[in-house]
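Participant: attaching a predicted model along with its sequence, questions to come.
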Amino acid sequence: MKSGTPSTTPGQHHVVDVVRWLLVAATVMFAVAGLWIRYRFGAVLLDQVLLNLPAIGGGTGVGSGAVAVELIGWMLVPLALVVSVSLVLVRRGQRAGRVQGRVSLRAIWLPLLAAAVSLASFLSITGVPQYVYSLGDNRSIEPYYLTPAITAKPATPLNLITIYLESIENSFSDAQLFGEDLLAPVEDATRDWSSYRNLQQPATGGWTMAGIVATQCGLALKSDLMEAGFDPNETGERLGDYLPGAVCLGDLLAQAGYTGTFLGGASSSFAGKDKYLHTHGYHSVLGLDDWRRTGEASQDISDWGLSDQRLFARARTVVDDLHATQRPFNLTLLTLDTHEPAVLRDSCPASGRVPMVAATRCSMQAVAGFIDHLRTSGYLKDTVVIVTGDHLKGIGAGTAFYNELSRAPQRTVFFRLWSPTPVRLGAAQGDQFSVLPTTLEALGFSIADGRAGLGMSLIGARPVAGVALALPPQEYASLLSAPSRSFYARIWAR
């Protein structure tokens with residue numbers, strides 16, 4: 001051996017090879033996972049990721065087995081290739097002898113750099129840099145937040161039905177983009193209703209639970225992970241309730257004597273939905289497991305859950321029973337047929353359409369049929385009905401309507417309201433936080449200055465002043481993204 005030449009044992013060669021290939025495998029995993037998230041969901045927020053993880057507050061399961069299988073499929077082929085190649089090459093390079101010394105950085109710098117770049121890309125796609133940047137913002141939403149409270153009740157209470165439409169926005173009615181009005185059945189059924197076509201999705205929204213919390217609690221949904229920490233002894237306690245310090249629509253209506261009922265086609269536990277509902281005034285929460293127990297046919301159940309046609313067939317019976325009690329009720333429904341990926345059943349043939357186009361039309365027909373039932377049964381005489389999207393449709397390169405929605409001039413959340421006493425939705429600005437105070441006023445409750453949570457009611461023509469929405473758009477978005485640590489520590493406190 002020449003003087004000055006680094007001494008490397010055969011065992012060290014073997015360890016270096018193993019470390020190199022482990023780094024290559026990590027590079028592939030992070031790269032594929034990031035690309036899949038971008039392809040399937042588009043832009044996401046860190047809070048969205050955290051609040052959908054089963055171990056951190058997302059309930060159980062992943063919502064759709066097909067989505068999990070797709071991710072596994074994306075990872076399996078490249079990882080299998082990496083493992084196969086690494087096994088062949090590592091075995092060729094094996095030598096007898098003990099492992100001595102350490103693996104030098106010089107020997108693994110290239111795969112280490114590749115793994116670091118891949119990890120950085122994955123973190124960027126899942127919103128980590130944006131989250132870290134926001135940590136330096138010491139502002140809080142506290143000065144703009146008004147704890148929801150009822151100052152006066154109507155002499156005769158009205159019932160409430162809220163229908164959340166999965167990923168439905170006003171853009172779907174643009175025939176120039178889609179070749180037809182995909183929302184025509186619901187638009188026809190709500191033609192004489194109050195309409196607000198400028199309902200914005202807050203910067204912190206974009207998924208179902210964020211939309212429900214925004215419209216029912218008047219606040220942005222943020223994970224409590226950073227507040228609660230990573231102590232495993234706190235995990236079970238932390239997951240026992242969902243935003244227990246918040247006052248939401250269900251809480252106020254339960255205190256006013258309303259019966260709260262939720263119907264959804266998907267699993268009730270997905271994304272912690274059942275925890276939220278049971279924490280905030282809902283007495284009955286029915287989802288996929290309940291529909292299976294009561295005999296729904298397998299052909300009416302997709303990877304996501306019960307079809308919207310069957311959900312609203314069930315809802316007719318539920319609303320009949322609730323109305324017959326002659327007690328005020330708060331009935332909430334959530335559709336799912338328009339969730340990616342679209343799955344068509346015998347009851348919803350494609351008829352030559354793209355699957356998501358057909359699924360959207362079938363879902364809207366199911367909603368319209370339920371509204372027709374409310375009308376013919378006379379329930380609209382004493383019931384406020386709100387039909388709204390839960391959020392804008394997420395668009396990734398692999399999702400339906402990517403090209404169409406990328407060209408949409410303005411994207412706003414669908415919102416229609418029926419009131420036995422017609423109301424005018426005349427606010428100059430409004431976002432999903434506005435839905436809570438709007439709902440309370442439509443029901444005849446009085447609230448201070450038309451405000452609740454971060455929102456101001458859309459009813460009438462109040463000037464948008466004194467609320468966070470009145471801030472310049474970029475400043476408003478930054479405020480919502482700020483951690484507001486003390487505020488959310490209190491909202492998540494048990």
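Facilitator: Thanks, I have it. Numbering: from 1, shown residues only.
Participant: SS state for Ser121?
Facilitator: helix (DSSP: H, G, I helix; E, B strand; the rest coil).
Participant: distance-wise, check it relative to Val49.
Facilitator: Using CB to CB, to the nearest Å, one gets 15 Å for the distance from Ser121 to Val49. To be clear about C-beta, it is placed using only N, CA and C from the backbone, and glycine gets the same treatment.
Participant: more crowded one of these two?
Facilitator: Higher neighbour count among Ser121 and Val49: Val49, with 20 against 17, using other CB atoms under 10 Å.
Participant: quick one, what contacts that one?
Facilitator: Thr126, Gly127 (CB atoms under 8 Å, 6 or more residues apart in numbering).
Participant: A helix includes it, no?
Facilitator: Yes - counting by three-state DSSP, Val49 falls inside a helix.
Participant: now the strands for this structure?
Facilitator: Using DSSP state E, the strands assigned to the chain run over residues 159-165, 194-195, 199-200, 259-264, 284-286, 329-334, 383-389, 415-418, 430-431, 451-452, 455-456.
Participant: what's the distance between Leu177 and Gln365?
Facilitator: Relative to Gln365, Leu177 is positioned 20 Å away (CB to CB).
Participant: ugh, wrong one, Phe122
Facilitator: Using CB to CB, Phe122 is found at 40 Å from Gln365.
Participant: outline the domain layout of this structure.
Facilitator: As assigned by automatic domain parsing, the chain contains the domains 10-134, 143-491.
Participant: weakest of those by average pLDDT?
Facilitator: Confidence, taken as mean pLDDT, is least for domain 10-134 of the domains of the chain (a mean of 66).
Participant: so how far is stretch 463-471 from its chain's centroid?
Facilitator: Taking the mean of its C-alpha atoms, stretch 463-471 sits 26 Å from the chain's own mean (CA atoms, centre = their mean, to the nearest Å).
Participant: list the buried residues of it.
Facilitator: Across stretch 463-471, burial judged by 16 or more other CB atoms under 10 Å covers Val467, Ala468, Leu469.
Participant: got the contact list for the residue nearest to the spatial centre of the chain?
Facilitator: Taking CA atoms, centre = their mean, the centroid of the chain lies closest to Trp207, which sits 2.0 Å from it. Going by CB under 8 Å, 6+ apart, Trp207 touches Val44, Gln48, Asn52, Ala271, His391, Gly394.
Participant: backbone dihedrals for it, please?
Facilitator: Backbone geometry at Trp207, expressed as degrees, to the nearest 10, gives phi -140, psi 170.
Participant: still on that earlier bit, just the buried residues of stretch 463-471 now: which is nearest Arg310?
Facilitator: Comparing these against Arg310 with CB to CB places Leu469 closest, at 38.4 Å.
Participant: what's near enough to touch the closest residue to the closest one other than its chain neighbours?
Facilitator: Computed as CB to CB, 6 or more residues apart in numbering, the closest residue to Leu469 that is not its neighbour in sequence is Gln429, at 5.6 Å. By CB under 8 Å, 6+ apart, the residues touching Gln429 are Asn198, Gln200, Val464, Leu469, Ala470.
Participant: kindly report the same for Leu123.
Facilitator: Contacts of Leu123 were listed using CB under 8 Å, 6+ apart, and they are Pro129.
Participant: and it, how far from Gln130?
Facilitator: Look at Leu123 and Gln130: by CB to CB, they are 10 Å apart.
Participant: okay but Ala400 is in contact with Met356, surely?
Facilitator: Yes - counting by CB atoms under 8 Å, Ala400 touches Met356, with 3.4 Å between them.
Participant: between those two, what contacts are shared?
Facilitator: Counting by CB under 8 Å, 6+ apart, the common neighbours of Ala400 and Met356 are Glu340, Ala342.
Participant: which of the strands of the chain is buried the deepest?
Facilitator: Compared across the strands of the chain, strand 455-456 shows the largest average neighbour count, a mean of 32 (mean count of other CB atoms under 10 Å).
Participant: and the gap between the closest residue to Met364 other than its chain neighbours and Thr360?
Facilitator: Among residues not flanking Met364 along the chain, Pro185 sits closest, at 4.2 Å (CB to CB, 6+ apart). According to CB to CB, Pro185 and Thr360 sit 10 Å apart.
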